[in-house]
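*Asks:* Task: produce atomic coordinates for the following.
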Amino acid sequence: MEGDPAAAAQPLPVTLSGHTAAGPSLSHHPSTPAPSCRPSTSKATTTTSPPQTSPSSLHAQQIHALNQLLQAQQQVAARAARIQNAPARAGNTPLGPLAVAKAGKRVVLERVEKPSEEQEEINKMAKEGVHQATSKQVFSAYTNKNPVFANAISHPASIVEAASLADVALPPGSYSLRESIPGSVVASGKLSDLQLEGILYACQRHLTLLPNGNRAGFFIGDGAGVGKGRQIAGIILDNYARGRVKHIWFSVSHDLKMDAQRDLSDIGCHIKVIDGCQQLDKETKVLGLPAGFKEGVVFSTYATLVSTVQRGGQTRSRLQQLVDWCGGPGFQGCLIFDECHKAKNFIPGKENRSTKVAVAVTTVQRMLPKARVVYCSATGVSDVRNLAYMERLGLWGEGMAFKSFDSFLESITRRGLGAAEMLAMEMKSAGVYVSRGLSFQQAEFTTLEVTLTDEQMQIYDTAAHVWSELHKSLSIALSRVAAPNQRVWSSFWAGHQRFFKQLCMSMKVPFIVAEVRKALENGFCVVIGLQTTGESSLENELLRSEGELDGFVSLTREILQRFIREHFPTTRQLQTQATPLPIQDLWCVTAKDMLLDFVSKMELPSSPLDDLIDQLGGAECVSEMTGRRGRMVRVRSDRVQYELRDTGGNALESLNNREASLCTLTWVRPISAGGCTSPWSCLGVLTRRSSSWGDHTGPTSPALLCTSW
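*Replies:* Residues are numbered from 1 along each chain as shown. Predicted coordinates for the structure are as follows:
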């Protein structure tokens, strides 16, 4: 190893100052602030919290305007006080009619100049902001003004819609569902009145052909609790009853196939549900598909749509395989894009900059121009530019008001948020779009503060100091080796964010375990929601250790160590007469080794998910409803090992269903099961334990862990 002679004169950025009962510590560098500040408390939510409404784009301006308005009011009050307390002067006559009464005295204020146009606009924005903050009409109760069936049962939950949409009525419903939807399904409430309304307007919209010859599509923007899956099933039932026997249902996960099959069978639509292209491959014989697989609903994921397959020495796209199964451009069945926000990153004319899913979704619509397209997502239009793949809405194109999506986007964005709201109102009034959601008027949640212990605060302080020392060392190392640093710093702050996110989650575990035990003793079944499983960090640690792990893995330690190993530079180029010669920089190598050694000795918490399962009694007492393949399990009091969650090769949905059977609770369909829209999206409910729990009593009763899929 070669080094720079100047390295000996330059002090190392980190030194071990010794070991204490709490573990090793780094020498503090008072001139370098820690990149993160320790919180005195950490918040944990014990029951389901409703998703929070995103603030408008004018929120920051409104806050600034309110502050200016408050300052102006204080100045006026101070001026009035000065005038009131000032001695009378000759000729001090009122200059204007404005006066205030205070303590029985009449105080005349001097005339003020008319505010400037800018100040008037600021005051107007401030008043609008106050009105928006105090208005109770952000959402309005939704009522079905066009009942499809007189005997339809009302939706069991309280449903609302945006106040702006509530002011606009849907067009008259002329489509008849009586020929396709059995009366028994309506009378039994398997399809509520709101769900029937969504089915009616989707089928009615599909009767329209756009000026370019494509069949018009429909957008279901309903939130959780309205029943998007039931509406999709009802649309397929109507088409199936009218002789259209081939349909494709795209979604984000194979786990949702069972939900789709349940929704179809519950309303009496016993159509065959084909498990994607894989089952079509399996059933394809020499003479082609058997008759039973030439019709039905192909349930496919977006990942399958963009994949390819090797058959007969040739590469074939899954997209073309699905189009061939449909029968080509004459296909008139349904194309269901469930959780369609997965295709939001489409840029017309710049497909190379678009995601593969967005391009594939757009392509399959163009290849099947007569298909009955349904877009379905509660978060489909988080930004107007995310509408680009929804070509069947008829908002731009041949014969429309906007010739291209670019002109449509420029017109809407230039006019701001108000234009976007007007667009939604126009779409509803045209029968193109419905957007309804659960009312949280009666929802309850409690936010508890988790007070950190002295040990936890010491861990946090040490971690913050280590990241500070790493930041300083990395700056010196990059300057010594003259390496490009843009990507390094991006990785640094990304790792920093993941580290402290995992650290805060881990520090909540003891408090959550105590709350769970109290809830179980009171007869509740507990559902815990986590934002991440940390599976990638666990797999990285398994790969590095070649599968030999002797304890629970600290995800925070793995994140920090992996960054140092992969991004801390140690090689510099020595300029010679021929070609640059790579050599090891002694200072960088020493600093990297010292950092890795100290991180390996730091006291850091274990993986939150594995720690929760272990403290709540192990895998026998906890149902883990996640997508990870393996986990660390305690097999003896002194031994922990990695185990696959299932060794029988079963699909994850079957595994999760089997684990869910540990808990006898009133299960509700996970909110936005195709993809979480908030940290609480996969939470279930706390429900009273019934007698069917059998011998499960006290703290050994099972808890249920759910995470984002």
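*Asks:* ranges for the helices of the stretch 101-250 of the chain?
*Replies:* 117-134, 163-166, 183-187, 193-205, 228-241 (DSSP state H, counting those that start in this stretch).
*Asks:* hang on, I meant the stretch 501-650 of the chain
*Replies:* Using DSSP H, counting those that start in this stretch, helices in the stretch 501-650 of the chain cover 535-544, 555-567, 586-601, 608-615.
*Asks:* Let me know which of those helices is tucked in deepest.
*Replies:* Ranked by mean neighbour count, the helices of the stretch 501-650 of the chain are led by helix 608-615 with a mean of 22 (mean count of other C-beta atoms under 10 Å). For glycine as for every other residue, the C-beta is placed from the backbone atoms N, C-alpha and C.
*Asks:* Tell me which other helices or strands that one touches.
*Replies:* In terms of contact count using 3 or more C-beta pairs under 8 Å, 6 or more residues apart in numbering; DSSP states H and E, helix 608-615 is assigned the packing partners helix 486-521, strand 527-530, strand 622-625, strand 630-636, strand 703-707.
*Asks:* Redo the ones you listed as a markdown table? Include mean neighbour count.
*Replies:* Below are the helices and strands packed on helix 608-615 laid out as a markdown table (neighbours: other C-beta atoms under 10 Å):
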| stretch | mean neighbour count |
| --- | --- |
| helix 486-521 | 17 |
| strand 527-530 | 21 |
| strand 622-625 | 23 |
| strand 630-636 | 16 |
| strand 703-707 | 22 |
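*Asks:* Select, out of these, the one closest to residue 474.
*Replies:* Among those, the nearest to residue 474 by C-beta to C-beta is helix 486-521 (6.6 Å).
*Asks:* Relative to the whole chain's centre, how far out is stretch 386-398?
*Replies:* 24 Å (C-alpha atoms, centre = their mean, to the nearest Å).
*Asks:* That one: which residues count as buried?
*Replies:* Within stretch 386-398, the residues that count as buried by 16 or more other C-beta atoms under 10 Å are 386-397.
*Asks:* tell me the mean pLDDT for that stretch?
*Replies:* For stretch 386-398, mean pLDDT is 91.
*Asks:* Same question for stretch 321-332.
*Replies:* On average, stretch 321-332 scores 93.
*Asks:* Now do that stretch: distance from first to last residue.
*Replies:* Criterion C-alpha to C-alpha, to the nearest Å; first-to-last residue distance in stretch 321-332 is 17 Å.
*Asks:* coming back round to it: need the helices of the stretch 501-650 of the chain in TSV (columns: distance to residue 519 and mean pLDDT).
*Replies:* As requested, those are exported to TSV (distance: least, C-beta to C-beta, whole Å; pLDDT from 0 to 100):
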stretch	distance to residue 519	mean pLDDT
helix 535-544	27	76
helix 555-567	26	91
helix 586-601	36	92
helix 608-615	14	86
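*Asks:* would you list the ones you listed in a markdown table and tack on distance to residue 159?
*Replies:* As requested, the helices of the stretch 501-650 of the chain are exported to a markdown table (distance: least, C-beta to C-beta, whole Å):
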| stretch | distance to residue 159 |
| --- | --- |
| helix 535-544 | 36 |
| helix 555-567 | 40 |
| helix 586-601 | 52 |
| helix 608-615 | 34 |
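*Asks:* Compare the ones you listed and report which one is nearest to residue 372.
*Replies:* Judging the helices of the stretch 501-650 of the chain by C-beta to C-beta, what sits closest to residue 372 is helix 535-544, at 38.3 Å.
*Asks:* Show me what the closest one is packed against.
*Replies:* Against helix 535-544 (3+ C-beta pairs under 8 Å, 6+ apart) you get helix 555-567, strand 630-636.
*Asks:* let's see 10 Å
*Replies:* Counting contacts by 3 or more C-beta pairs under 10 Å, 6 or more residues apart in numbering; DSSP states H and E, helix 535-544 is packed against helix 486-521, helix 555-567, helix 608-615, strand 630-636, strand 639-644.
*Asks:* And the contacts of that helix?
*Replies:* 498, 502, 534, 547-549, 552-559, 561-562, 565, 607, 609-610, 626-632, 642, 707 (C-beta atoms under 10 Å, 6 or more residues apart in numbering).
*Asks:* one more time with 6 Å
*Replies:* 553, 555, 558, 628 (C-beta atoms under 6 Å, 6 or more residues apart in numbering).
*Asks:* Grab the two from those that are most spread out in space.
*Replies:* Spatially, the most separated pair among those is 558 and 628, at 14.9 Å (C-beta to C-beta).
*Asks:* Tell me where the stretch 301-450 of the chain is predicted with low confidence.
*Replies:* Along the stretch 301-450 of the chain, no part satisfies pLDDT under 70.
*Asks:* Which residue ranges of the stretch 301-450 of the chain form strands?
*Replies:* 308-311, 314-317, 334-338, 372-376, 433-434, 437-438, 447-451 (DSSP state E, counting those that start in this stretch).
*Asks:* Of all these, which one comes closest to residue 248?
*Replies:* The nearest among these, by C-beta to C-beta, is strand 334-338 at 5.6 Å.
*Asks:* For the residue nearest to residue 254 when sequence neighbours are not counted, which residues count as its bridge partners?
*Replies:* Nearest non-adjacent residue to residue 254, counting by C-beta to C-beta, 6 or more residues apart in numbering: residue 301, 6.1 Å away. In this entry, residue 301 is beta-bridged to residue 251, by DSSP bridges.
*Asks:* Okay, residue 301 and residue 434: tell me how far apart.
*Replies:* Using C-beta to C-beta, to the nearest Å, one gets 25 Å for the distance from residue 301 to residue 434.
*Asks:* Kindly report the same for residue 138.
*Replies:* For residue 138 relative to residue 434 (C-beta to C-beta), the value is 18 Å.
*Asks:* quick one: which of these two has more around it?
*Replies:* Ranked by neighbour count (other C-beta atoms under 10 Å), residue 138 and residue 434 place residue 434 first, with 23 against 12.
*Asks:* For residue 459, give me its contacts.
*Replies:* residue 603 are the contacts of residue 459 under C-beta under 6 Å, 6+ apart.
*Asks:* Assign a three-state SS to it, would you?
*Replies:* helix (DSSP: H, G, I helix; E, B strand; the rest coil).
*Asks:* cool, the one 10 residues further on as well?
*Replies:* Here residue 469 is helix, with the state taken from three-state DSSP.
*Asks:* What is the neighbour count of it?
*Replies:* 23.
*Asks:* now residue 470
*Replies:* Count around residue 470 with other C-beta under 10 Å applied: 25.
*Asks:* Name the nearest residue to it, ignoring sequence neighbours.
*Replies:* residue 595 (6.2 Å).
*Asks:* count of residues packed around residue 367?
*Replies:* Residue 367 - counted by other C-beta under 10 Å - has 16 other residues nearby.
*Asks:* Can you lay out the helices and strands packed on helix 535-544 as CSV showing distance to residue 462?
*Replies:* Below are the helices and strands packed on helix 535-544 laid out as CSV (distance: least, C-beta to C-beta, whole Å):
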stretch, distance to residue 462
helix 486-521, 11
helix 555-567, 11
helix 608-615, 19
strand 630-636, 24
strand 639-644, 24
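*Asks:* can you tell which of the ones you listed is closest to residue 294?
*Replies:* strand 639-644 (37.6 Å).
*Asks:* Show me what counts as buried in that closest one.
*Replies:* Buried-residue list, strand 639-644, by 16+ other C-beta under 10 Å: 640, 642.
*Asks:* quick one, that strand and helix 535-544 angle?
*Replies:* 110 degrees (axes from the mean of the first three to the mean of the last three C-alpha atoms, to 10 degrees).
*Asks:* Strand 639-644 versus helix 608-615: what angle between them?
*Replies:* 120 degrees.
*Asks:* Could you shift the numbering so residue one becomes 50, and keep it that way?
*Replies:* Understood, numbering begins at 50; the last thing we discussed is strand 688-693.
*Asks:* Who are the packing partners of strand 688-693?
*Replies:* Contacts defined by 3 or more C-beta pairs under 6 Å, 6 or more residues apart in numbering; DSSP states H and E place strand 688-693 against strand 679-685.
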